[in-house]
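Asks: I'll drop the sequence and a predicted model, then ask my questions.
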Amino acid sequence: MSASSANRRRILSLWLPRLPIDRIQRFFGTLGKVDEPSIVVIKDNNALVIYALDEAAERLGLHIGQPLANARAMCPDLKVFDADVAADAKTLSDIADWCDRFTPLVALDPPHGLFLDITGCAHLFGGEAALLQTLARALARQDFSVSAAIAGTSVCARTLTRQATGTIVADGGEAAAIGRFPVSALGADESITTGLRRAGLKTIGDVASRAPGEITARFGARFSTLLAHALGRGDAPINPRKPLPDYIVEKRFAEPIATDTMIAMTLSRLADTLIASMEKQGKGARRLEAAFFRTDGVVRAIMVETGRPVTRSAVIDRLFRERLDALVDPLDPGFGFDMVRLSASRTEIVVQEQRDLDAHVHDNDELAALIDRIAARIGGKRVVVNLPQDTHIPEHAVLAAPAQHHLAAAMQAEWPARVESEPPLRPLRLFDKPELVAVPFATVPDGPPHQFTWRRAKHAVVRVEGPERIAMEWWRQDGKQLTRDYFRIEDAEGLRFWIFRDGLYEGECFDDDGKPVAPRWYVHGLFA
């Protein structure tokens, strides 16, 4: 094999032709009852047609696309289930997660197929034939009907799964492998397939024997490209479900593990290996994921993030311990995990800092480590820092951002300085949403209220500071926001409020008929 051909991609196409009915039968535990034919139906053009069927129904002559009425006439005892496309997609996604054990490059081939890019990794499983058999047998043990094939292009491999399951095509042999199959095996539009048949081109080989320009002129460039890919003349790249991590380490077990001690030891050893790999390139991890593959096909993934690049395996070990201890749904090993994978999906170059003489660096490191540990337990979005915003609108003046990603910005943020011997301009507690208050009367046009009712309690105003007028940002709003006059108010019991009148008298507040109405009042915060 030449160097150029050795670098060619190898694609494994996986097709589950009975996925909808297999999913339902696995759920109800009725697998193996071949004497009870079952089908799944879906609505098509206001009629129920067969969407999937089991082997027993197929032996009776039923087929996909057949109307339900005709199927019942042929088999009155037919078991019928409604299609659930969302549940089928979830099952396919779960199978794709399980297939990550073979390669991280797994792509969906809707509605019931997958593509696995096994280039350069088949030797880890004993070769392409052994990998194909291992995958097919494992899914069969999980009660799925499976068809699989390997070729140099995704289109060719997909065609083989529909016509000759188990086929492995050597690089360059795609055209010879699919030439005898009907043109419908390419998966082109029905109108194109019908047109080819009418032209006397019944097999893929017949179509391939014609000049490419002739095929393009008659059936379009899209079909011509599809044909070329099927014949091994170039291929469109598959679209993996997940981006390829920067670093991956994994451990496979001949005997599955199930104890917390073994899981923790495995993660610790993988962390050592991962750190050693990143250290060679001067990088640290910012996002890490541990994936646990159960023997029954269930996959559980746990992710942690860090505010700064991690360069020590002890830190990784501690973060995952915190995350596992805080899981609402504990890690269930079932019959055991036969593989554990640790990957770094986001890494950064580590910047060396002077740490021996700078106490602030040590303080920052300890604070960042504490934030990472808390975030691992309760989630990164729940640990926030406040950042000032360039706006005078009170509810928009502060932004709550995840602390892991904005700690440095929060430390360097500059807040308005408080004037000594003066009361604060803003309340200690600011409501996320101003709360409406009832004001029976107030001094007009821009005076404070004399009393107000908030949360069913009346408050008599004894002291007032204001008004502080805040106009809305006209360049950011649609003109519906009104001018506000804020007042610092103290009631007879010594409680201090920050309230505002929303709108100006006889200037901004009108009813649907255009007549002036009294503005509304709101309490926006509490000083004490």
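Replies: Structure received. Numbers count the residues shown, from 1 in each chain.

Asks: ramachandran angles for residue 9?
Replies: Residue 9 adopts backbone torsions of phi -70, psi 150, taken as degrees, to the nearest 10.

Asks: ok, it touching residue 120?
Replies: No. Using CB atoms under 8 Å, residue 9 is not in contact with residue 120, being 9.3 Å away. From N, CA and C alone the C-beta is placed, and that goes for glycine too.

Asks: measure the residue nearest to residue 273 when sequence neighbours are not counted to residue 306 for me?
Replies: Nearest in space to residue 273, with sequence neighbours left out and distances taken as CB to CB, 6 or more residues apart in numbering, is residue 249 at 4.6 Å. According to CB to CB, to the nearest Å, residue 249 and residue 306 sit 17 Å apart.

Asks: could you point out the helix or strand that follows the helix or strand hosting residue 114?
Replies: Applying DSSP states H and E as the criterion places residue 114 in strand 113-117. Next helix or strand after strand 113-117 toward the C-terminus (DSSP H and E): helix 128-141.

Asks: ok, and what's touching that next one?
Replies: 10, 12, 14, 16, 95, 99, 102, 118, 122, 125-126, 146, 148-150, 166, 168, 297 (CB atoms under 8 Å, 6 or more residues apart in numbering).

Asks: what comes up buried for that helix?
Replies: 128, 131, 132, 135, 136, 138, 139 (16 or more other CB atoms under 10 Å).

Asks: neighbour count: residue 249 and residue 306, which is higher?
Replies: residue 306 (26 against 18; other CB atoms under 10 Å).

Asks: quick check, that one in a helix?
Replies: No. Per DSSP: H, G, I helix; E, B strand; the rest coil, residue 306 lies outside any helix segment and is strand.

Asks: can you check the pLDDT for it?
Replies: What the model reports as pLDDT for residue 306 is 91.

Asks: you'd agree it is up against residue 322?
Replies: No. In this structure, residue 306 is not within contact of residue 322 by CB under 8 Å, at 11.9 Å.

Asks: what's the mean pLDDT across stretch 136-149?
Replies: 93.

Asks: from the chain's centroid, how far away is that stretch?
Replies: On the basis of CA atoms, centre = their mean, to the nearest Å, stretch 136-149 sits 26 Å off its chain's mean C-alpha point.

Asks: restricting to C-alpha, output it in PDB.
Replies: Provided in PDB are the C-alpha atoms of stretch 136-149 (Å, rounded to 0.1, in the frame of the first residue of the first chain):
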ATOM      1  CA  ALA A 136     -22.000  -5.700  16.000                       C
ATOM      2  CA  ARG A 137     -22.000  -8.500  18.600                       C
ATOM      3  CA  ALA A 138     -22.100  -6.000  21.500                       C
ATOM      4  CA  LEU A 139     -25.100  -4.200  20.100                       C
ATOM      5  CA  ALA A 140     -26.800  -7.500  19.300                       C
ATOM      6  CA  ARG A 141     -26.400  -8.500  23.000                       C
ATOM      7  CA  GLN A 142     -28.200  -5.200  23.800                       C
ATOM      8  CA  ASP A 143     -31.100  -6.500  21.600                       C
ATOM      9  CA  PHE A 144     -30.500  -4.300  18.600                       C
ATOM     10  CA  SER A 145     -30.600  -5.400  15.000                       C
ATOM     11  CA  VAL A 146     -27.400  -4.200  13.500                       C
ATOM     12  CA  SER A 147     -25.900  -3.800  10.000                       C
ATOM     13  CA  ALA A 148     -22.300  -2.500   9.600                       C
ATOM     14  CA  ALA A 149     -19.700  -2.100   6.900                       C
END
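
Asks: that older thread, neighbour-wise, which of residue 9 and residue 120 wins?
Replies: Higher neighbour count among residue 9 and residue 120: residue 9, with 17 against 12, using other CB under 10 Å.

Asks: mind jotting down where the strands sit in the stretch 201-350 of the chain?
Replies: 247-257, 283-294, 299-310, 337-349 (DSSP state E, counting those that start in this stretch).
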